[in-house]
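Q: for reference, the sequence and a predicted model appear below.
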Amino acid sequence: MAKGVRLKVQLVTLLKEHAETLLRAAALPFSLEQVRAQRHEFHEQEKEMRQVYCISVLAEQANLTASLRENLLLVPIVRSSLARYSIYTPVDGLMNQINFMSENAFVKRERILLS
């Protein structure tokens with residue numbers, strides 16, 4: 001008789017496990033759909049982030065291009081201004097200090113220009 005009860009208990013346990021397995025199997029399509037929806041949402045967020053990044057890069061590129069054009073316009077002016085001035089050393093060797101002694105210059109008279 002104990003063997004028959006034991007078999008019935010095993011049968012009930014197997015039926016219970018089978019029912020749980022069927023419930024989990026029935027829930028799989030919903031879980032899979034939820035995963036697909038999350039994946040789609042992440043994909044949309046990634047697309048939006050890429051668009052924002054591209055827009056910011058293009059705006060920065062426009063700013064840099066404008067700045068570069070402005071600097072390129074200034075190069076000939078600075079080059080011609082520098083071509084008018086030459087500094088010659090009185091002796092061979094290294095100079096420790098340069099003083100600029102010209103009236104109407106951009107720096108004050110006898111102020112150290114370079115050390």
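A: Yep, it's here.

Q: name the SS class of the one residue sitting closest to the centre of the chain, please.
A: Centroid check for the chain by C-alpha atoms, centre = their mean gives residue 53 as the closest residue, at 8.6 Å. Under DSSP: H, G, I helix; E, B strand; the rest coil, residue 53 falls in the helix class.

Q: OK, contacts around it?
A: With contact set as C-beta atoms under 8 Å, 6 or more residues apart in numbering, residue 53 has no partners. Heads up, the C-betas are built off the backbone N, CA and C, glycines and all.

Q: how close does it get to residue 46?
A: According to C-beta to C-beta, to the nearest Å, residue 53 stands 10 Å off from residue 46.

Q: next one: residue 64
A: On the measure of C-beta to C-beta, residue 64 and residue 46 end up 26 Å apart.

Q: quick one: mean pLDDT for the host helix or strand of residue 16?
A: Here residue 16 sits within helix 2-83, counting by DSSP states H and E. For helix 2-83, the mean per-residue pLDDT is 89.

Q: just how off-centre is that helix within its chain?
A: Once both centres are worked out by C-alpha atoms, centre = their mean, to the nearest Å, helix 2-83 turns out to sit 17 Å from its chain's centre.

Q: next, count neighbours for residue 60.
A: By other C-beta atoms under 10 Å, 10 other residues sit near residue 60.

Q: that should have said residue 7, apologies.
A: When neighbours are counted by other C-beta under 10 Å, residue 7 comes out with 10.

Q: again, but for residue 69
A: For residue 69, the number of neighbouring residues by other C-beta under 10 Å comes to 10.

Q: now do it against residue 61, distance only.
A: Residue 69 is 13 Å from residue 61, by C-beta to C-beta.

Q: please apply the same query to residue 15.
A: Using C-beta to C-beta, residue 15 is found at 69 Å from residue 61.
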